[in-house]
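Trainee: Structure of the sequence below:
(one chain, ligands or ions: 2)
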Amino acid sequence: MRAIVKEARGPGLVMKEVPAPAPGPDDVLIRVLKSSICGTDVHIDTWDAWAAKTIEPPLVIGHEFVGEIVEVGSHVSGLKPGEIVSGEGHLVCGKCRNCLRGRMHMCPHTRGVGVNRPGAFADYLCLPKTNVWVVSPQIPLQVASCFDPLGNAVHTATTFDVLGEDVLITGAGPIGCMSAAICRHAGARSVVVTDVNPCRLELARKMGATVALDVSKESLLETETFLGMKEGFDVGLEMSGSPRALSQMIDVMFAGGRIALLGILPPDASVDWTRIIFKGLTLKGIYGRKMYETWYKMSVLLKSGLSIDPIITHTFPAESFREAFDLMESGQSGKIILEWNG
Ligand code: NAD
Ligand code: ZN
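Mentor: Numbers count the residues shown, from 1 in each chain. Ligands and ions are numbered 1, 2, ... in the order given. I've put the predicted structure just below:
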């Protein structure tokens, strides 16, 4: 089969023929129809410090996908060939205390598809039956291909109640933009999205942001006045990974406000802790998606009218992956889909 592979330590990716995976008794073999490029794939391509410490080449990369079941193992029931599926890319141990108490998203033994085991940028992907999510026929394939990052957005945006609240989202990347649409859908009073990239801010507007603000040029405090806000934001979703953005968020939160942290901050990021303490802020780190409550919620949100269409900006045949990665790395795109089969 064709696959996009990190062949050796260092920058770059190749497309090459590799053996198709063989499903074990508890596995499902999926023919990949579409996959989408994530920031993680970009880290693996460019071979940054995280990739160098995490990835063991050779590795088929990619974890965002939609596909069709072609074969199920002998211990698999309730799933059958022909079904359209996406899948949870975090494989958990099922035995640790967190797994046993239903907090699988916090399993310390998590292994990632396309990170620690063969990925979805290939004609075929093998997943344990537990990780397969059947996609409703009402949901377009390219949207289902983005379930993984949409799940990050849903998990973060539903961590705190946003109904009637003023929400600040820092970072208009794909996940920040999807979160803007979710918060609007969930009844937020206003959703302000910040970035420093005009292309991304335009996408945030298309995704329903009340205001999309270039913080390198405009002031958040003036935006608060414009929106008739008197006391600051109730809920903050940090989705940039920028220490400056987090610090700015802490400054404009209302006392008692709640912040969900999804963006991956550098290890030496510092904040003014006294602002957090005296404002009585709550900060919560978010990892992955809840298994499988987030998957349920995102399916229902899409069926009840949530649209993420504007964030899917480009589609390429899988063979043109280099062009697609270069575009993703330029910051001049939203989600980019790679077409594999069908
Ligand atoms: P992305 O890198 O595409 O988007 C980040 C955006 O933040 C960019 O558009 C960038 O221009 C913007 N930005 C940079 N500096 C800023 C500033 N000072 N103020 C406001 N915006 C600023 O990322 P994404 O794919 O949308 O993911 C969002 C974040 O979540 C990333 O940090 C990613 O690594 C992280 N992530 C975390 C998890 C998890 O499980 N915790 C999962 C997926 C992604
Ligand atoms: Zn576990």
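
Trainee: Relative to ligand 2, which residue of the stretch 101-250 of the chain is the closest?
Mentor: Cys107 (3.0 Å; CB to the ion). Placement of C-beta: from N, CA and C, glycine included.

Trainee: neighbours of His75, just the number please.
Mentor: Look at His75: counted by other CB atoms under 10 Å, it has 10 neighbours.

Trainee: what do you get for the one 5 residues further on?
Mentor: Applying the criterion other CB under 10 Å, we find 12 residues in the vicinity of Lys80.

Trainee: and what of Glu7?
Mentor: By other CB under 10 Å, the residues close to Glu7 number 12.

Trainee: could you list every residue that touches it?
Mentor: Leu13, Val14, Lys16, Pro57, Pro58 (CB atoms under 8 Å, 6 or more residues apart in numbering).

Trainee: Might you report the residue contacts of the residue of the stretch 101-250 of the chain closest to ligand 2?
Mentor: His90, Val92, Cys93, Cys96, Asn98, Cys99.

Trainee: Let's check: the centremost residue of the protein is which one?
Mentor: Central residue of the chain (CA atoms, centre = their mean): Pro149, 2.1 Å from the mean position.

Trainee: Surely it is within a helix?
Mentor: Yes: counting by DSSP: H, G, I helix; E, B strand; the rest coil, Pro149 falls inside a helix.

Trainee: And it, how far from ligand 1?
Mentor: 6 Å (CB to the nearest ligand atom, to the nearest Å).

Trainee: Surely that residue is in contact with Cys177?
Mentor: No: using CB atoms under 8 Å, Pro149 is not in contact with Cys177, being 10.1 Å away.

Trainee: Check which helices and strands the worst-scoring helix or strand of the chain on mean pLDDT is in contact with.
Mentor: Within the chain, confidence by mean pLDDT, DSSP states H and E is lowest for helix 220-226 among all helices and strands, at a mean of 92. Judged by 3 or more CB pairs under 8 Å, 6 or more residues apart in numbering; DSSP states H and E, helix 220-226 is in contact with strand 190-195, strand 211-214, helix 243-252.

Trainee: Can you read off the pLDDT for whatever residue of the stretch 1-150 of the chain ends up closest to ligand 1?
Mentor: Ligand 1 sits closest to Gly39 of the stretch 1-150 of the chain, with a gap of 4.0 Å, by CB to the nearest ligand atom. pLDDT recorded at Gly39 is 96.

Trainee: Skipping adjacent residues, who's closest to it in space?
Mentor: Nearest non-adjacent residue to Gly39, counting by CB to CB, 6 or more residues apart in numbering: Gly173, 7.2 Å away.

Trainee: Quick check, that neighbour in contact with Pro149.
Mentor: No: counting by CB under 8 Å, Gly173 does not reach Pro149; the two are 9.0 Å apart.

Trainee: Quick check: phi and psi at Ser216.
Mentor: Per-residue torsions, Ser216: phi -80, psi -10 (degrees, to the nearest 10).

Trainee: Pull up the gap between it and Met298, please.
Mentor: 32 Å (CB to CB, to the nearest Å).

Trainee: Pick out whichever of these two has more residues nearby.
Mentor: Comparing Ser216 with Met298 by neighbour count (other CB under 10 Å), the higher total belongs to Met298, at 28 against 11.

Trainee: In contact with that one, which residues?
Mentor: Phe147, Leu150, Gly151, Val154.

Trainee: Okay, it and Glu56: tell me how far apart.
Mentor: 31 Å.

Trainee: that older thread, which of the contacts of Glu7 tops the neighbour count?
Mentor: Ranked by neighbours (other CB under 10 Å), those are led by Leu13, which has 20 neighbours.

Trainee: Does it touch Ile61 like I think?
Mentor: Yes: judged on CB under 8 Å, Leu13 makes contact with Ile61 at a distance of 6.9 Å.

Trainee: shared neighbours of the two, anything?
Mentor: Joint contacts of Leu13 and Ile61 (CB under 8 Å, 6+ apart) are Ile4, Val5, Lys6, Ile44, Asp45.

Trainee: Which ones among those residues lie within helices?
Mentor: Ile44, Asp45 (DSSP state H).

Trainee: which of the shared contacts of Leu13 and Ile61 lies closest to ligand 2?
Mentor: Using CB to the ion, the shared contacts of Leu13 and Ile61 come closest to ligand 2 at Ile44, 24.2 Å.

Trainee: contacting residues for the closest residue to ligand 1 within the stretch 151-300 of the chain?
Mentor: Residue nearest to ligand 1 within the stretch 151-300 of the chain (CB to the nearest ligand atom): Gly173, separated by 2.1 Å. Neighbour list for Gly173: Gly39, Asp195, Arg200, Met239, Ser240 [criterion: CB under 8 Å, 6+ apart].

Trainee: neighbour-wise, which of those residues leads?
Mentor: Met239 (31 neighbours).

Trainee: roughly how far apart are that one and Asp123?
Mentor: 32 Å.

Trainee: Count the neighbours of the nearest residue to Asp148 once chain neighbours are set aside for me.
Mentor: The shortest distance from Asp148 to any non-neighbouring residue, by CB to CB, 6+ apart, is to Glu64 (4.4 Å). Using other CB under 10 Å, Glu64 is surrounded by 30 other residues.

Trainee: Looks like Glu64 contacts Ser145 (just checking).
Mentor: Yes: with contact defined as CB under 8 Å, Glu64 counts as touching Ser145 (6.1 Å).
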